[in-house]
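# predicted model and sequence below, questions to follow.
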Amino acid sequence: MKEMNTEIACIHLGNVHMVPKRVEEVDNLMHYILSQWENGDDDGLVDLRLVAQHYCRNMTRKLIFN
């Protein structure tokens, strides 16, 4: 995206047109994982089950109520 100097691009992959964009939830997810890894008391262990549950719940909430 930086190479093309655009925020939104349509990329043709086979029979599919793909429109990549940054997702707010993914940014929050990565920030949460990194903060748990850096500041965790369990030697950098992160509970991915809990992370996945919160991510799916937030995505569902955004799709339904937004």
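Thanks, I have the structure now.

# what are the ranges of the helices in the protein?
Using DSSP state H, the helices of the chain run over 24-39, 48-65.

# these into CSV, with extra columns for mean pLDDT?
Below are the helices of the chain laid out as CSV (pLDDT from 0 to 100):
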stretch, mean pLDDT
helix 24-39, 84
helix 48-65, 86
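
# rebuild those as CSV, extending it with distance to residue 2.
(Glycine included, C-beta is placed from N, CA and C.) CSV is the format used below for the helices of the chain (distance: least, C-beta to C-beta, whole Å):
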stretch, distance to residue 2
helix 24-39, 16
helix 48-65, 25
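
# now those helices in JSON lines, with mean neighbour count and distance to residue 11?
Shown next, in JSON lines, are the helices of the chain (neighbours: other C-beta atoms under 10 Å; distance: least, C-beta to C-beta, whole Å):
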{"stretch": "helix 24-39", "mean neighbour count": "12", "distance to residue 11": "18"}
{"stretch": "helix 48-65", "mean neighbour count": "11", "distance to residue 11": "22"}
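
# how about the ones you listed, which one is nearest residue 13?
helix 24-39 (20.0 Å; C-beta to C-beta).

# in terms of secondary structure, what does that closest one contact?
Helix 24-39 is packed against helix 48-65, with contacts defined by 3 or more C-beta pairs under 8 Å, 6 or more residues apart in numbering; DSSP states H and E.

# much appreciated, bye for now.
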